[in-house]
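[1] Kindly generate the corresponding structure for this input.
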Amino acid sequence: MKEYRYKINGNLYKVVVGDIEENNVQVEVNGTSYTVELEKQAKPKIKPVVRTASTAPAPPPVAAISRPAPVSGGKSGIKSPLPGVVLEVKVKEGDMVKRGQTLLVLEAMKMENDIKSDCDGKVTSILVSKGESILEGTDLIIIE
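    Down below sits the predicted model:
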């Protein structure tokens, strides 16, 4: 038996839940006994997830298209690896950066993440600012 206390519209109710037999429960509310019939729960129907061939390959081509462009054009776009808030931008336009250098700090899931350069070059464009909320895959900085 479990005992609960509820306050509804300023009124205090003492509820004692007794034995459960099949779909009937003995309940006592402020000393008055009741037999409560539980609604039979329908078993949840598990629907199979159907993934079509056209849905799954869609993300890889986007990544494949965005990565070869910097190599052939000489520009590299640093993208956000996860959604978050820009805490600090550590470079400015015109700065020369080395591969592995921290470009900005991104807060995501209450953790500070250093976003680093993936190549040597010159910062040609900063596309975000401090305090800005960004989504995964957002272009942050362009390096030439």
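
[2] Go through stretch 135-144 and flag the buried ones.
    Residues 138, 140, 141, 142, 143 are the ones in stretch 135-144 that count as buried (16 or more other C-beta atoms under 10 Å). Heads up, the C-betas are built off the backbone N, CA and C, glycines and all.

[3] Can you list the low-confidence ranges for this protein?
    41-45, 51-74 (pLDDT under 70).

[4] Tell me where it has strands.
    Along the chain, counting by DSSP state E, strands occupy 2-8, 11-21, 24-29, 32-37, 76-79, 84-89, 96-97, 102-108, 111-116, 121-126, 133-134, 139-143.

[5] packing partners for the last one?
    If I follow you right, that is strand 139-143. strand 76-79, strand 102-108, strand 121-126 (3 or more C-beta pairs under 8 Å, 6 or more residues apart in numbering; DSSP states H and E).

[6] so which of the ones you listed is the most packed in?
    Most buried of the helices and strands packed on strand 139-143, by mean neighbour count (mean count of other C-beta atoms under 10 Å): strand 76-79, with a mean of 20.
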